[in-house]
Each structure stands twice: as structure tokens, then as C-alpha cells.
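1. Quick one: sequence plus predicted model below, questions after.
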Amino acid sequence: MSKVPVEVLSPEEAERLIAHPTSDDIVGLRDTAILATLYFAAATASEVSSFDIGDIRRRARSLRFRAEEGRERRVPLENQLASVLNRYVKESRPLLLAQGGITDARKMSAVFITNRGRRIHVRDIRQLLGSHSKAVGIETAVNTNTLRLSRAWHLREQGVSPEAIQRLLGASSRSGRRVI
């Protein structure tokens, strides 16, 4: 096993972090879904903030993310993430929309919303990540890149090919071309 090049969470720490928010309340279920998306999809805070309902491709078992530069990235929808997202979208999201005075869910395209019915912002994501990581006693400074790199490292340790990890991250190949 190689030495970890940057600070990453252990698989147990990532699991504890994702499981921390209580899934018995609407905000906790939303936070769990956000943390799971950040980790399992190796998503950035910007991608999570701009993530729309139409970006969940259940039949294709994939998710579509848009980076700030407008590039698209598709990632496989893993079972664990699919389960959390489905539960959030069915149980929590409608109640969060109602709290914000939105009675027609079709009027809000964002997957992740605040308790006031608005699209969640990057700063909100950073704040919830910080509070949950402190609450579970993670001593490493955790940010969205920590989760992204942790996911890549954990996949590497599981024997996933570097090319597959590059595709997940939306990184360029060694030749400079984007890996699709």
C-alpha cells in the first residue's frame, strides 16, 4: 500500500461522517444526501449546488454534474447513493419546499434546497460539512476536496483502475485530453 499523498479520511471516518446527520428529520436527511453525493460521486460543492432533479438519471443509473466552466461530468449512480437520494427526494425535499412556500415541486429544479425552499449554496455546503465533521470528532480539516480525494484514494485501495478514477473525477488523461 502506498503512502497517502494528502490528508484523506479513512473509510470509517467517511462512513461516520455520512451517517452522522439524523435521517429522522428533513434537514438531517438532506445533509446525509449532500454528504453522500460529495463522497460517492466525488462531487465538488459547486456541482452539488447546481445539481438539478433532471440530472438524476435513474434508468441510466447515472448522475450528471455541471462544473463552473460549463463542462458536464457523468458518474455512475451507486446503490448506496441512489437509496439516500431517493429517500431525500421523496420524503424530505417536498417538506423543505413547503416550508419555503413552494407547493409545486416542478417550480424548483434544484435537488438540494434550504429549509426556506431555495437552492443550497456552496457556503451552506461548506458549513454543514464543517459542523458534521466536528460533531463526529474528525480531527483532519475537512472540506469538499477532502471528501473527493478520499473517495479517489479509497477506490484506488480497492483496486479500481486509475483511468476509472480519472473518469469519476472528470480529470484529464495524461495526454491532456478529458477522460470521458
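-> That came through, no problem.

2. Check the gap between G130 and A60 for me.
-> 33 Å (CB to CB, to the nearest Å). Every C-beta, even on glycine, is put in place using the N, C-alpha and C of the backbone.

3. same question, S92
-> 24 Å.

4. So between the two, which is more surrounded?
-> S92 (22 against 11; other CB atoms under 10 Å).

5. Pretty sure the more buried one sits against T32.
-> No. Taking CB atoms under 8 Å as the definition, S92 is not a contact partner of T32, at 9.2 Å.

6. any idea where the strands of this structure begin and end?
-> Applying DSSP state E to the chain gives strands spanning 56-57, 62-66, 72-76.

7. can I get those in CSV with mean pLDDT and distance to T37?
-> Shown next, in CSV, are those (pLDDT from 0 to 100; distance: least, CB to CB, whole Å):
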stretch, mean pLDDT, distance to T37
strand 56-57, 95, 10
strand 62-66, 93, 8
strand 72-76, 92, 10
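
8. check contacts around the closest residue to E91 other than its chain neighbours.
-> Sequence neighbours aside, L29 is the residue nearest to E91 in space, at 6.4 Å (criterion: CB to CB, 6 or more residues apart in numbering). Applying CB atoms under 8 Å, 6 or more residues apart in numbering to L29 gives the contacts 21, 23, 87-88, 91-92.

9. Check the separation of the first and last residues in stretch 93-107.
-> For stretch 93-107, the first-to-last residue distance is 13 Å (CA to CA, to the nearest Å).

10. for stretch 139-150, that is, sorry about that
-> 15 Å.

11. What's opposite I113 in the beta bridge?
-> R119 (DSSP bridges).

12. Going along the chain, name the helices of the protein.
-> 11-19, 26-40, 45-49, 79-87, 93-99, 122-135, 144-157, 162-169 (DSSP state H).

13. most tightly surrounded among these?
-> Mean neighbours per residue, mean count of other CB atoms under 10 Å, is largest over the helices of the chain for helix 26-40, with a mean of 23.
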